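Novice: here is a sequence together with a model predicted from it:
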Amino acid sequence: MVLGISADSVAKQSKFAKKHDLPFPVLSDENHAVAELYGVWQLKKFLGREYMGIDRTTYLIDKQGAIRGIFSKFDIAAHPREVLDAVKALK
């Protein structure tokens, strides 16, 4: 199962999912509780400005709930293939 999650509102997530015709649920974590649990709610810097935000990360979680892979700082174009290869390696 694939899930997407971000700190954007439910309305914004719904619009994004429809725009990109995503075949999986996209969840909202507006209060960033899940992001904090996974350690991805972090201090970020952009153009000299500091702010709190999500460090884009993909977690591969098996059917028992164990984290089997963590992907961060990835190349967007290559990322889907890397994750798919990791899923296939689990089988």
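Specialist: Good, I have the coordinates.
Novice: name the helices or strands packed onto the top helix by length along the chain?
Specialist: In the chain, assigned by DSSP state H, the helix with the most residues is helix 79-90. Counting by 3 or more Cβ pairs under 8 Å, 6 or more residues apart in numbering; DSSP states H and E, the packing neighbours recorded for helix 79-90 are strand 57-61, strand 67-72. Placement of C-beta: from N, CA and C, glycine included.
Novice: residues of stretch 39-53 that come out buried?
Specialist: 40-41, 53 (16 or more other Cβ atoms under 10 Å).
Novice: typed the wrong thing, it's stretch 65-72
Specialist: So stretch 65-72, judged by 16+ other Cβ under 10 Å, has zero buried residues.
Novice: quick one: contacts of that stretch?
Specialist: 55-62, 79, 82-83, 86, 90 (Cβ atoms under 8 Å, 6 or more residues apart in numbering).
Novice: can you do 6 Å?
Specialist: 57-62, 86, 90 (Cβ atoms under 6 Å, 6 or more residues apart in numbering).
Novice: show the buried residues in those.
Specialist: Looks like these have residue 58 buried, using 16+ other Cβ under 10 Å.
Novice: between the contacts of stretch 65-72, which sits nearest residue 31?
Specialist: Nearest to residue 31 among these, counting by Cβ to Cβ, is residue 57 at 18.2 Å.
Novice: quick one, what contacts the closest one?
Specialist: Counting by Cβ under 6 Å, 6+ apart, residue 57 has contacts 40, 72.
Novice: now it: how far from residue 28?
Specialist: 17 Å (Cβ to Cβ, to the nearest Å).
Novice: perfect, that will be all.
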